[in-house]
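let me see the structure of the following:
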Amino acid sequence: MQLSLLSKHNKYIVFQLAGDLKVVAFLPENAKPFGFDSATIINKKLTFFLLKSYKQILADAVDLFQSSAKKKLVIDVKFSVANTKKEQWFSLIIEKSNDKSLTKNLIVTATNITTIKLREEKLQQQILANQNTILTLQNTHQINQAIVNNSNVIILTLDGKNKITAISKYTESFTGYSLHELLGKDSLDLFTPKNKYPTLYQKINKHRKEDCFPKQFESTLLTKQGDEKIIIWSVSNLIINGQICGRISVGIDITERKNKDQQLLEREQRFRRITENIPLPVTICDTNGKVMFLNKKFLELIGYSLTDIPNLSDAFGYIKYPTETFEKKVQNEWYKLLKAFKKDKSVVFPSVERIVICKDGFHRHFEVSFSTEEDMLYIVFNDITLKLIANNSFERQKLFYESILNGIPSDIAVFDDKHRYLFVNPTAVKDDVLRAWLIGKTDEEYCNYRNKPMAIAQGRREIFNRVLTTKTLQSWEEELVGFGGKPDYHLRNMYPIIDTDGSLKMIIGYGINITKRKLAEKQLQESEQRFKSIADHTPIPICNFDKQMNISYINNKFLDVIGYKFEEITDAELWPHFIYYPDAESIETGRAEWKVVIEKTWKYPNSKTEVLERTIICKNGEYKIFEVSFAVNNKLVYAILNEVTEKRKAEKLLFESEQRFKALAENMPIAIGSHDIDGKIIFLNKHFLNSVGYSQNDIPTLTDWYLKTQPDIEIRKILYNNWLDTIDAYRKGVITSIPYIETAVLCKNGDTRTFNFLFSIYKDIVYIMLVDITERKKVEQELINSHLQLRELASHLQKIREEERKYIAREIHDELGQLVTGLKMDISLTKKKLEKQLPELGEKLANVMNLTDEIVHTVRRIASELRPSILDDIGLDAALEWQAKEFEKRTSITCIFTNNTKDISVNMDIKSNLFRIFQESLTNIIRHANATKVVASLTILNNNLMFVVNDNGDGIKNINQQRTFGLLGMKERIIMINGIFNIDSFAGKGTTITISVPLD
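Here you go, the predicted structure:
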């Protein structure tokens, strides 16, 4: 911070030093004139640049300074400047850094005092020359004589007690004291009185006691006449014959030089104060054209800062020239003058007129004058823009019109004192011919020429005369007829240009088209009227108030609901008392809250503000509750009062009902909870905690519930999405109740239990009862397992039965059939042998043979019924077709079998079970159906084997109540092969059995 502040003073070099005196920052712009730059100085100790004799002096002084409580150290040192052979003196002001993070850092401000030091060195040389002359003398008489005769400098000799023993004649004339007046007096009495400079007195007195009087110092000498003189003293021991006999002090008057330095400083300060407050823009630059200073008026009027124009060459882009050639010529002349000024400070810069493009885009005319002093060029800008407007010179008027007025997007006109047009810009009159004709004419002539109403000219004349009389700015609004007969509104202004003698030079008129603004105001008024019309018929109380909280409007509903008339509540001091607060503290906080919301509404008119709830004491004494929302329109705040009295009563009743429900539910022996439709858990009873283990803190929302109770991500997702879909359907009115669900839940103790969730919903609150069916589900599972075991056993027994049938059929066919066949052959041989001898016996044997044939047929039939070999040998379709034909032969009932499978291959389980079902179906038809026709079909549909048996019999009454073993056996067979069994029957319309078996 200190570094940046000091950087504003261009006479200084500013360094920032670390604790070890290394340079960590400095101002390179200021340092360049002294040969310092970043490459040569950063991270090097400042002592690196000092002459050898001053390196340790600075280091020791800084060490002492760091350890002391002093805030500032001043020391003069000698630098060896980079890139030059010169040695320069600098006065260093060393301050401790204010930055707490840089406590050991130092801020060093270096001022070049080489010129001053050179002067002092010359003086000191004079002093030393005088001292050497005196010190070469051998006795006191010679010395006194030399001092008395010396008339060039102030010389005093002092004894061992610093008492004056001799003075020079020049000292007498300079101080006004004679030798007799000073002889034997303490030397300090001749310096500065101790009551005026106690610090110097103490310092000199201390050195005198310690016999270490400083060799050189500066002090103030008070003459006999009371004048204060500044003296540089050089003090040496007075040695005679090898012994110290006293001291000799030689002084040179530097009062005039000091006064000049002070005057220079005061002059500079005074100049800065003057230039800062001068009512003209002022710029100061050096011989290189670098801008050193811009005063306040420059920034105010022209707008550019030092950042915009660090050099005069940067300002050329902001000056408007008639042509590029002229611009180049002016710039070349300027560079020549600046170059000459650098060599010769007496160069004279001529005054010029320039058009400056200000930062705000406005073109201003300036009379620019220059003055020089030492190495500085002072430039003063005199704004002559208005002067040019008032000037009758044609050339200057033309330049002004073209460069400024013609570029202004407002109507501009200049009149003389007779109200005649001197100038009109193209914005006011676009037609060039008409604009040229208008010069020298009055408004009356213009209106007559353009067939405009004369009232326009008369109104303007009245305003013009008022400006002439009052010599002040006059403004008014004027309505004209625009394009298409539509109104055209203008804001007009006239102001006088007064000469230095107080006389009127001209009157300038300017105006802007405000049609859009007026139309917007009109639309706003119409909008206000529409709003009030709408508001008056709105079934909600509405009022508005200004920033002072004074009510300016209430609608009809406000009067109906609250009861107060407009005049009863308009005052901001009155109506807040109609708002009810239960106590004094509530009044204070409530009104503060109201104020904050209103301020936010003013500040952010387009954002949604907070809705306040307030109880208002109506005129009839009734207390009504309102939700108050706010909006800003046309510098007014509108308050919309939505009455919620009944809603709050209902909420109170609901709350009381909730409390009763909680009290009742809390002790019920079933888990009960509730949540809102946003999923926030509202209530969980004790039994819920006992059953599931989770408290309301564990599961504040349904999201937490699903996360904790459903560890399986997929199941959790399904259940959660189902809940979202259900709530969405409820919100849309698709459903009014929520169906129950059954699901397993992971309890807090790690157990998994199954619950039936029963739901009830009322006023957006979902009530839930959790019925623990874990034990029932275990019993159900055990029953299902038992059924599966029985079914597997039945399937196993069925397979064993089929295998036994197959074995028995094979045994009957092979063994019994073979025996019966052998028997038949034996009987046939016996018959042939005996029928001739015993005809009667032969006839009986013939009967036996017939009986044997029947036995063979019976054996074959029984074997086929037990297990038709065709089922194993050929396939299912052939076996079904054979069974249909056999059925038709035995019963004379038409039996048609249709096969659309084309040699399908299925496993033996499917073959056996479908064949047995067909047999059972035909058996049932014979026993119960009284059918005359049976149709069976075997097809493939969607990779399923479809088998259908249909009869035209009596059908089955109460098919759903039939639990016969035949039907149950068919169903079990189909279940064993993973098929689907379906039976349809209607009384008098027959029965249809449909079987579907997957082929995969």
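
quick check: bridge partners of Glu742?
Bridge pairing for Glu742 (DSSP bridges) gives the partners Asn756.

from Phe757, how far out is it?
7 Å (CB to CB, to the nearest Å). Yep, even glycine has a C-beta here, placed from its N, CA and C like the rest.

who has more neighbours, the two?
In this view Glu742 and Phe757 are compared by other CB atoms under 10 Å, and Phe757 has more residues nearby, 18 against 11.

roughly how far apart are the more buried one and Phe688?
12 Å.

same check on Asp560?
To Phe688, Asp560 is 49 Å away according to CB to CB.

please say which of these two ends up with more neighbours.
Neighbours of Asp560 and Phe688, each counted by other CB under 10 Å, are more numerous for Phe688; the result is 22 against 10.

overlap in contacts of Phe757 and Phe688?
Common neighbours of Phe757 and Phe688, counting by CB atoms under 8 Å, 6 or more residues apart in numbering, are Leu770.

assign Val637 to helix, strand or coil.
With DSSP: H, G, I helix; E, B strand; the rest coil as the basis, the three-state label of Val637 is strand.

now it: how far from Ile456?
From Val637 to Ile456 the distance is 41 Å (CB to CB).

can I see the domain layout of this protein?
Per automatic domain parsing, the structural domains of the chain span 2-112, 118-260, 286-383, 409-513, 528-643, 649-772, 874-1000.

ok, residues contacting stretch 988-1000?
With CB under 8 Å, 6+ apart as the test, stretch 988-1000 has contacts from 906, 910, 914, 917, 921, 929, 931, 940-941, 943-956, 970, 974, 977-985.

just the pLDDT for the closest residue in space to Ser552 that isn't next to it in sequence.
Excluding its sequence neighbours, the residue lying closest to Ser552 (CB to CB, 6 or more residues apart in numbering) is Asn544, at 5.7 Å. pLDDT recorded at Asn544 is 86.

need the helices for the stretch 551-700 of the chain, in chain order.
According to DSSP state H, counting those that start in this stretch, the stretch 551-700 of the chain carries its helices in the segments 556-562, 566-569, 584-603, 645-666, 686-692.

revised request: answer the last question for the stretch 251-400 of the chain.
Going by DSSP H, counting those that start in this stretch, the stretch 251-400 of the chain shows helices at 255-277, 296-301, 312-315, 324-343, 385-390, 394-403.

which stretch in those has the least confidence?
Averaging pLDDT over each of the helices of the stretch 251-400 of the chain puts helix 394-403 lowest, since it has a mean of 54.

show me just the buried residues among the contacts of stretch 988-1000.
906, 910, 914, 917, 921, 929, 931, 945-956, 970, 974, 977, 979, 981, 983, 985 (16 or more other CB atoms under 10 Å).

re the thing from before, residues near the residue nearest to Ser552, how many?
Using other CB under 10 Å, the number of residues around Asn544 comes to 24.

export the helices of the stretch 551-700 of the chain to a markdown table and append columns for distance to Thr109 and mean pLDDT.
Formatted as a markdown table, the helices of the stretch 551-700 of the chain follow (distance: least, CB to CB, whole Å; pLDDT from 0 to 100):
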| stretch | distance to Thr109 | mean pLDDT |
| --- | --- | --- |
| helix 556-562 | 71 | 87 |
| helix 566-569 | 68 | 84 |
| helix 584-603 | 46 | 87 |
| helix 645-666 | 73 | 80 |
| helix 686-692 | 77 | 87 |
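
of all those, which one is nearest Glu367?
For those, the distance to Glu367 is smallest for helix 584-603, at 47.7 Å, taking CB to CB.

what lies in contact with the closest one?
547, 549, 576, 579, 581, 607, 609-610, 612, 614, 630-632, 637.

how close does the spatially closest residue to Tyr304 that is not a sequence neighbour sit to Val848?
Nearest residue to Tyr304 in three dimensions, chain neighbours excluded: Lys359, at 5.5 Å (CB to CB, 6+ apart). Note on Lys359: its distance to Val848, by CB to CB, is 144 Å.
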